[in-house]
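**Student:** The sequence isn't on hand, but the structure is:
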């Protein structure tokens, strides 16, 4: 299940606030049993009044192989996963469509996005890149509905490491960066580029090489 409060976070600090849920503890794994064939499925975020159906095979009581995993809230259809499960967990490649209209398509591990994937929010935010245990971590590109883009390194759902943000005219984040005396105009775009630390611009620089030099001079 997803929370829609993430869209407030997505607009802050250059797409940088957390939108991915906390990674569940493996030692506290919980499962839910399908109502149509008694198959167990990993449930990382248990909710009240939820249920599931599974269209694929069961092996030793757990959902296995290709199929459709349909979630319900109070008996009404909500999220749906189409792909492959092993021992009740999403693995390999699959597609999830949340009840909010958000879509993730890509690689999975232990019931969470992991590896390469693409997530599209109903508000037309799009992220394409790396995931680690359900969070944007690695290299990736986030595009806002208005055409503004951040491309670079991520850690736990936030820009972290070298990256570049290209904001279109009238993007409401431009005033924020101007107040911080960060960024500059390049033609019709406002550019924020350099080394990010948990979503905040720590070192402003125009290339990885320049960033390394500035980092060395700060030591």
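**Tutor:** Happy to help now that I have it. The model shown is predicted, which means the values in this text are computed figures rather than measured ones.
**Student:** ok, which stretches of this structure are helices?
**Tutor:** Ranges of helices in the chain, per DSSP state H, are 6-10, 174-179, 208-218.
**Student:** Can you pull out the low-pLDDT segments for the chain?
**Tutor:** Applying pLDDT under 70 to the chain flags the ranges 1-28, 219.
**Student:** Give me the domain ranges for this structure.
**Tutor:** Using automatic domain parsing, the domain ranges for the chain come out as 22-133, 137-219.
**Student:** can you list these in CSV and add mean neighbour count?
**Tutor:** (C-beta placed from N, C-alpha, C; glycine too.) Listed next are the domains of the chain as CSV, based on neighbours: other C-beta atoms under 10 Å:
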stretch, mean neighbour count
domain 22-133, 17
domain 137-219, 16
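**Student:** Adding distance to residue 61 as columns, could you present the helices of the chain in CSV?
**Tutor:** Shown next, in CSV, are the helices of the chain (distance: least, C-beta to C-beta, whole Å):
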stretch, distance to residue 61
helix 6-10, 34
helix 174-179, 52
helix 208-218, 51
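**Student:** These: which one's closest to residue 36?
**Tutor:** Closest to residue 36 of the helices of the chain, according to C-beta to C-beta: helix 6-10, at 31.2 Å.
**Student:** farthest residue from the center of the chain?
**Tutor:** What lies farthest from the middle of the chain is residue 217; by C-alpha atoms, centre = their mean that is 34.3 Å.
**Student:** quick one: that one and residue 195, what's the gap?
**Tutor:** Using C-beta to C-beta, to the nearest Å, one gets 13 Å for the distance from residue 217 to residue 195.
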